[in-house]
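**Student:** can't give you the sequence, but here's the structure:
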């Protein structure tokens, strides 16, 4: 069986390997479907690294950023 994003299992495996719960982690990704939707299904906080001019659709991340510098002091 092939497992990958946005399947919640891949996020659960990552959390288990890191030894943290979904409440202790956040997923930062540039894909609303593969990264944000999959992480939300696992209970992770989601941060969308949005490309210039992009707008969220039916998938709503917890936070939208355009550069990693915007994370300073927000996590």
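**Tutor:** Cool, the structure landed. Since we're looking at a predicted model, the values are computed, not measured. Residues are numbered from 1 along each chain as shown.

**Student:** Identify all contacting residues around the top helix by length along the chain.
**Tutor:** Ordering each helix of the chain by length in residues (DSSP state H) puts helix 8-18 first. Identification of contacts with helix 8-18 by C-beta atoms under 8 Å, 6 or more residues apart in numbering yields 3, 4, 5, 21, 22, 25, 27, 38, 39, 41, 42, 44. The C-beta positions use only the backbone N, C-alpha and C, and glycine is treated the same way.

**Student:** what does stretch 67-75 give?
**Tutor:** 26, 28, 47, 49, 63, 65.

**Student:** Pull up the gap between the third one and residue 64, please.
**Tutor:** It refers to residue 47. Using C-beta to C-beta, to the nearest Å, we find residue 47 at a distance of 8 Å from residue 64.

**Student:** These two: who's more crowded?
**Tutor:** Ranked by neighbour count (other C-beta atoms under 10 Å), residue 47 and residue 64 place residue 47 first, with 23 against 17.

**Student:** and the more buried one, what element?
**Tutor:** strand 45-49 (DSSP states H and E).

**Student:** Could I get the average pLDDT for that strand?
**Tutor:** Average pLDDT, strand 45-49: 96.

**Student:** Relative to it, what are the paired strands and their orientations?
**Tutor:** strand 26-29 (parallel), strand 63-65 (parallel) (DSSP bridges).

**Student:** Highest mean neighbour count out of the ones you listed?
**Tutor:** Among those, strand 26-29 has the highest mean neighbour count (mean count of other C-beta atoms under 10 Å), at a mean of 19.
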